[in-house]
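> quick one: sequence and predicted model below, then my questions.
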Amino acid sequence: MFILGVKGKKHPYMIYDAYGVPMVIATDDSGVSRNNLTHEYTLLATRYHPSYGRIKEYVYNSIKYSFLEEREKAELAKDLDRRFVKFEKEMADLYVGISGK
């Protein structure tokens, strides 16, 4: 979440978020910037503390605002739905295992 070294309150993320501008999280070619999407999502989470729901929104936006055909978007969104259900169940089960609740 760097734009030529701009970060913190000066980063446009704060303005876009405040006004509900649709966003996706992306990265440059890893051969150039030496990072990946995991790194970008980690920066987002640690610097700006968006809710889990907001992060999911960004993930879905990456499909919604892509240049794919509508049929492909629908298939990918349906697959993503399944993946989130699986992930959230795994995390809930992990919490129960750790907390004993």
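All right, it came through fine. Keep in mind that this is a model prediction, so the values were computed, not measured. Numbering: from 1, shown residues only.

> packing partners of the helix or strand hosting Phe87?
Using DSSP states H and E, Phe87 falls within helix 70-99. With contacts taken as 3 or more Cβ pairs under 8 Å, 6 or more residues apart in numbering; DSSP states H and E, helix 70-99 sits against helix 52-64. C-betas here are computed from N, CA, C, even on glycine.

> just the residues contacting the helix it packs on, thanks.
Helix 52-64 has contacts (Cβ atoms under 8 Å, 6 or more residues apart in numbering) with 17, 22-26, 41, 44-45, 50, 73, 76-77, 80, 84.

> next, the buried residues of that helix.
Tyr58, Val59, Tyr60, Ile63 (16 or more other Cβ atoms under 10 Å).

> how about the residues you listed in JSON lines, adding pLDDT and distance to Leu37?
Listed next are the buried residues of helix 52-64 as JSON lines, based on pLDDT from 0 to 100; distance: Cβ to Cβ, whole Å:
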{"residue": "Tyr58", "pLDDT": "97", "distance to Leu37": "11"}
{"residue": "Val59", "pLDDT": "97", "distance to Leu37": "10"}
{"residue": "Tyr60", "pLDDT": "98", "distance to Leu37": "14"}
{"residue": "Ile63", "pLDDT": "98", "distance to Leu37": "14"}
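
> out of the residues you listed, flag the one nearest to His11.
For these, the minimum distance to His11 (Cβ to Cβ) is 14.9 Å, reached by Tyr58.

> go through the contacts of helix 52-64 and name the one with the lowest pLDDT.
Among the contacts of helix 52-64, Ala26 has the lowest pLDDT, at 88.

> doesn't that residue lie inside a strand?
No. According to DSSP: H, G, I helix; E, B strand; the rest coil, Ala26 belongs to no strand; its state is coil.

> right, and it touches Asn35 too?
No. Assessed by Cβ atoms under 8 Å, Ala26 is found out of contact with Asn35, at 10.9 Å.

> okay, those two: which has more neighbours?
Neighbour count, other Cβ atoms under 10 Å: between Ala26 and Asn35, Asn35 has more, with 15 against 9.
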